[in-house]
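Q: structure, please.
(one chain, ligands or ions: 2)
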Amino acid sequence: MKILAIETSCDETALAVLGEQRGFLYLEKNLVYSQVNIHKKYGGVVPEVASRKHLETIMPLLDHALGKNKLKNIDYLAFTQGPGLVTSLVLGVAIAKALSLASNKPLVPINHLEGHIYSNWLTHKELQKNSKKYFPSVIAVVSGGHTELILMTGHGQYQLLGRTLDDAVGEAFDKVAKLLNLGYPGGPIVSRLATMGDAHKYDFPRPMINSHNFDFSLSGLKTAILYFMEKKQKINQQDVADICAGFQLAVTEVLVKKTFLAAKKYKAKAIMLAGGVSANTFLKQNLKNAADKLGLPFFAPDLKFTGDNAAMIGAAAYYQIKNKQAKFYLGEKAHKLEPLANWPLVEK
Ligand code: KG4
Ligand code: ZN
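A: Ligands and ions are numbered 1, 2, ... in the order given. Below is the predicted model of the structure:
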């Protein structure tokens with residue numbers, strides 16, 4: 001089985017070719033063109049610019065991914081149908097449809113969040129070998145656009161335990177970085193500065209930490225930091241590092257506590273982290289400690305699969321196909337597919 005996967009949900013143009021080798025997922029090509037340097041100067045992703053850049057990049061990238069064999073060896077075309085920026089998604093959807101119509105290969109639409117979850121399968125052979133041993137798993141999906149606590153009871157089977165009511169975790173990092181004039185994307189910068197700060201110097205709120213549910217609210221934390229800065233007026237480099245560390249600790253404590261309680265309540269067999277924020281070492285370490293306390297294994301994706309990539313989309317498609325859960329689209333049906341900018345992983 002060979003899969004070409006396409007991901008264009010935000011500001012990364014990504015293609016991957018995956019296959020199977022001796023019963024394991026095998027990643028043949030993994031190409032990611034990140035537009036981050038272009039959006040940096042605007043302080044965030046500009047949808048029109050992202051869309052234009054996807055258009056420029058995707059064809060050369062496709063040539064590179066497929067080589068001279070083109071689609072000859074490809075069996076399935078997986079692509080991110082949503083959620084994401086509609087102006088970005090539309091490029092990936094259009095390319096996937098065109099390739100399918102030209103080659104008569106079936107399309108497999110994938111939810112971007114399911115892709116992030118399967119970045120763990122892509123990383124850990126143990127998960128590929130013994131998936132069943134780790135279900136149900138509690139998975140914290142934390143990215144720039146999403147923060148969801150998911151109970152995964154089997155391949156392709158998800159329950160939504162809780163989610164953010166306002167800002168996503170990555171978004172909160174980005175907004176705090178903006179407040180502190182640190183640049184974009186904020187997550188990597190804030191987490192790096194946090195290592196030089198005293199996390200206990202300033203006491204920031206832990207929103208909803210005792211809310212007796214698994215929802216989150218992060219916009220108040222950002223506002224608390226804004227008020228704090230207005231009051232303090234003069235902020236030196238050490239203050240910035242202390243704020244970053246205090247903020248990171250507050251977010252981590254809330255995330256870890258809720259994930260811990262969810263794992264306990266639902267008798268999880270593993271805890272996992274997924275999404276762009278899974279690159280955060282401090283969060284990873286603290287979640288691992290929580291899993292250790294419960295005697296549970298902890299999984300997080302390899303750094304090269306934490307941000308948006310097509311390999312994770314291919315991995316999700318691979319498991320859907322293997323488990324006979326995939327929906328295939330060909331011909332007229334494929335032609336009718338559209339981006340789903342707000343496609344939830346779990347339908348309410
Ligand atoms: O999954 P992703 O690449 O895109 C979305 O699907 O949203 O996630 C990007 C988000 C950004 O908000 C970025 O600031 C955050 O992930 N991020 C981090 C770190 N690295 C990336 N947040 C905290 N700590 C990090 N080390
Ligand atoms: Zn993402």
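
Q: from Ala172, how far off is Leu85?
A: 19 Å (CB to CB, to the nearest Å). In this view, the C-beta of every residue, glycine as well, is placed from N, C-alpha and C.

Q: these two: which has the busier surroundings?
A: In this view Leu85 and Ala172 are compared by other CB atoms under 10 Å, and Ala172 has more residues nearby, 28 against 22.

Q: go ahead and confirm that one touches Lys222.
A: Yes. Between Ala172 and Lys222 there is a contact under CB atoms under 8 Å: 5.8 Å.

Q: please enumerate the strands of the stretch 151-300 of the chain.
A: 157-163, 270-274, 298-299 (DSSP state E, counting those that start in this stretch).

Q: of those, give the one that comes closest to ligand 1.
A: Proximity to ligand 1, assessed across those by CB to the nearest ligand atom, is greatest for strand 270-274 (8.5 Å).

Q: quick one: the closest one near ligand 2?
A: No. Strand 270-274 stays clear of ligand 2 (CB under 5 Å from the ion), getting no nearer than 9.0 Å.

Q: what helices and strands are in contact with the lengthiest helix in the chain?
A: The residue-count maximum for a helix in the chain (DSSP state H) belongs to helix 237-265. Secondary-structure packing of helix 237-265 (3 or more CB pairs under 8 Å, 6 or more residues apart in numbering; DSSP states H and E): strand 137-142, strand 147-154, strand 157-163, helix 169-179, helix 186-194, helix 219-232, helix 281-293.

Q: which residues touch the residue most central in space within the chain?
A: For the chain, the residue nearest the mean C-alpha position is Gly275 (2.5 Å; CA atoms, centre = their mean). Gly275 sits next to 113, 116, 140-143, 146, 170, 306 when contact means CB atoms under 8 Å, 6 or more residues apart in numbering.

Q: just Ile139 next, same as before
A: Ile139 neighbours (CB under 8 Å, 6+ apart): 117, 120, 149-152, 271-274.

Q: also Lys324?
A: Lys324 touches nothing, counting by CB under 8 Å, 6+ apart.

Q: how near is it to Ala224?
A: 49 Å.

Q: pretty sure Val141 sits against Ile150.
A: Yes. Using CB under 8 Å, Val141 is in contact with Ile150, at 5.9 Å.

Q: quick one: common contacting residues for the two?
A: What both Val141 and Ile150 touch, as defined by CB under 8 Å, 6+ apart, is the set 117, 345.

Q: what does this protein put close to ligand 2?
A: 143, 308.

Q: residues of the chain that sit close to ligand 1?
A: 10, 143-145, 170-171, 173-174, 185-188, 191, 275-277, 279-280, 307-308 (CB under 6 Å from any ligand atom).

Q: burial count for Ala341?
A: Ala341: 16 neighbours (other CB under 10 Å).

Q: no, scratch that, I was asking about Lys129
A: 10.

Q: try Gln159
A: Neighbours of Gln159 (other CB under 10 Å): 12.

Q: what of Gly23?
A: Around Gly23 there are 8 residues (other CB under 10 Å).

Q: torsion angles phi and psi at it?
A: Main-chain torsions, Gly23, degrees, to the nearest 10: phi 80, psi 0.

Q: wait, what's in contact with it?
A: Counted by CB under 8 Å, 6+ apart, Gly23 has contacts Gln128.

Q: and the gap between it and ligand 2?
A: 28 Å (CB to the ion, to the nearest Å).

Q: pLDDT score for that residue?
A: pLDDT for Gly23: 92.

Q: that one and Gly154: what is the separation?
A: 19 Å.

Q: and Arg163, bridged to which residues?
A: On the basis of DSSP bridges, Arg163 is bridged to Glu148.

Q: ok, it touching Val142?
A: No. At 10.7 Å, Arg163 and Val142 do not qualify as touching, with contact defined as CB under 8 Å.

Q: which residue is the nearest non-sequential neighbour of the closest residue to ligand 2 within the stretch 1-150 of the chain?
A: Using CB to the ion, the single residue of the stretch 1-150 of the chain nearest to ligand 2 is Ser143, 4.3 Å away. Nearest non-adjacent residue to Ser143, counting by CB to CB, 6 or more residues apart in numbering: Gly275, 3.4 Å away.

Q: now that neighbour: how far from Gly307?
A: 9 Å.

Q: then Phe328?
A: Where Gly307 is concerned, Phe328 sits at a distance of 28 Å (CB to CB).

Q: can you redo the strands of the stretch 151-300 of the chain as JSON lines, where the extra columns are mean pLDDT?
A: Below are these laid out as JSON lines (pLDDT from 0 to 100):
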{"stretch": "strand 157-163", "mean pLDDT": "98"}
{"stretch": "strand 270-274", "mean pLDDT": "99"}
{"stretch": "strand 298-299", "mean pLDDT": "99"}
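
Q: tell me which other helices or strands the helix or strand harbouring Ile38 touches.
A: For Ile38, the element it lies in under DSSP states H and E is helix 36-40. Applying 3+ CB pairs under 8 Å, 6+ apart, we find helix 36-40 packed against helix 47-66.

Q: following the helix it packs on, which helix or strand shows up next?
A: strand 76-82.

Q: starting from that next one, tell me which strands it pairs with and how they run.
A: In its sheet, and by DSSP bridges, strand 76-82 pairs with strand 3-7 (parallel), strand 107-111 (parallel).
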